[in-house]
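Asks: Just need the structure, nothing else, for what follows:
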Amino acid sequence: MSEMRSLNEVSEVRPQFAGMNADSFFQIEAWMPSEIKAVGPLVQRLMRLIEGSHCVAGEEPAVELALEEALSNAVVHGNRMDPEKLVQVLCRCDGKGTSIVVKDQGQGFDPNTVPNPLSPENLSADHGRGIWLMRVAMDEVSFENRGTEVHMRKAQTYHPRTEPATQCSALHAVVRERISVVERVNSSNKRG
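Replies: Here you go, the predicted model:
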């Protein structure tokens with residue numbers, strides 16, 4: 001079964017369902033503009049599908065956190081909020097878990113040059129934790145094509161763990177606040 005559904009005015013999802021239980025296995029391609037305000041709605045819609053698939057039962061908050069960070073980084077750092085550039089998301093859920101690829105159209109970067117957010121001099125910084133959060137939340141994270149693509153994987157868990165999910169929920173609140181700060185700064189820059 002293949003169909004195209006519009007997630008919102010700015011992004012599209014092309015789900016493809018397969019397997020014996022069509023609700024459990026899917027592959028999605030989605031696009032969104034380089035706008036912070038587009039991150040939340042896309043994350044919410046993708047997470048509904050991931051939650052419904054039960055492909056990472058009990059680990060959904062971790063996946064949501066990593067997805068939100070990857071999309072935010074692609075918009076802000078990758079595409080530099082250029083309205084002419086798009087962010088692409090590929091998401092696959094199956095019996096092994098979920099894999100997500102977020103691609104931007106920016107110049108790329110070397111992830112090895114990103115400062116450690118846990119270093120004492122960086123602890124009070126109001127940014128710079130995105131890659132670290134993705135690595136904490138997911139089982140595997142790698143950067144491809146000069147850093148313009150982040151590949152993430154979360155394995156299926158058969159016994160949901162509550163402690164990491166609780167930790168990710170707390171980190172998720174920090175991320176939401178960070179996005180709010182970026183939105184306020186962008187809003188004030190547009191006015192001034």
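Asks: So I131: helix, strand or coil?
Replies: Under DSSP: H, G, I helix; E, B strand; the rest coil, I131 falls in the helix class.
Asks: Check the nearest residue to it once chain neighbours are set aside and give its pLDDT.
Replies: In this structure, I131 finds its nearest non-sequential neighbour in V114, 5.6 Å apart by C-beta to C-beta, 6 or more residues apart in numbering. Heads up, the C-betas are built off the backbone N, CA and C, glycines and all. The model reports V114 with a pLDDT of 91.
Asks: same thing with H127?
Replies: Model confidence at H127, given as pLDDT, is 83.
Asks: mind listing the strands for the chain?
Replies: 5-6, 12-13, 16-17, 26-33, 86-94, 97-103, 140-144, 149-155 (DSSP state E).
Asks: least trustworthy helix or strand in the protein by mean pLDDT?
Replies: None of the helices or strands of the chain scores lower by mean pLDDT, DSSP states H and E than strand 5-6, at a mean of 36.
Asks: nearest to L42, of the strands of the chain?
Replies: strand 26-33 (5.1 Å; C-beta to C-beta).
Asks: So for stretch 99-107, what gets flagged as buried?
Replies: S99, I100, V101, V102, K103, D104, Q105, G106 (16 or more other C-beta atoms under 10 Å).
Asks: okay, how far is it across that stretch, tip to tip?
Replies: One end of stretch 99-107 to the other measures 24 Å (C-alpha to C-alpha, to the nearest Å).
Asks: and the strands of the chain as CSV, adding distance to D126?
Replies: Shown next, in CSV, are these (distance: least, C-beta to C-beta, whole Å):
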stretch, distance to D126
strand 5-6, 35
strand 12-13, 32
strand 16-17, 40
strand 26-33, 24
strand 86-94, 23
strand 97-103, 22
strand 140-144, 22
strand 149-155, 21
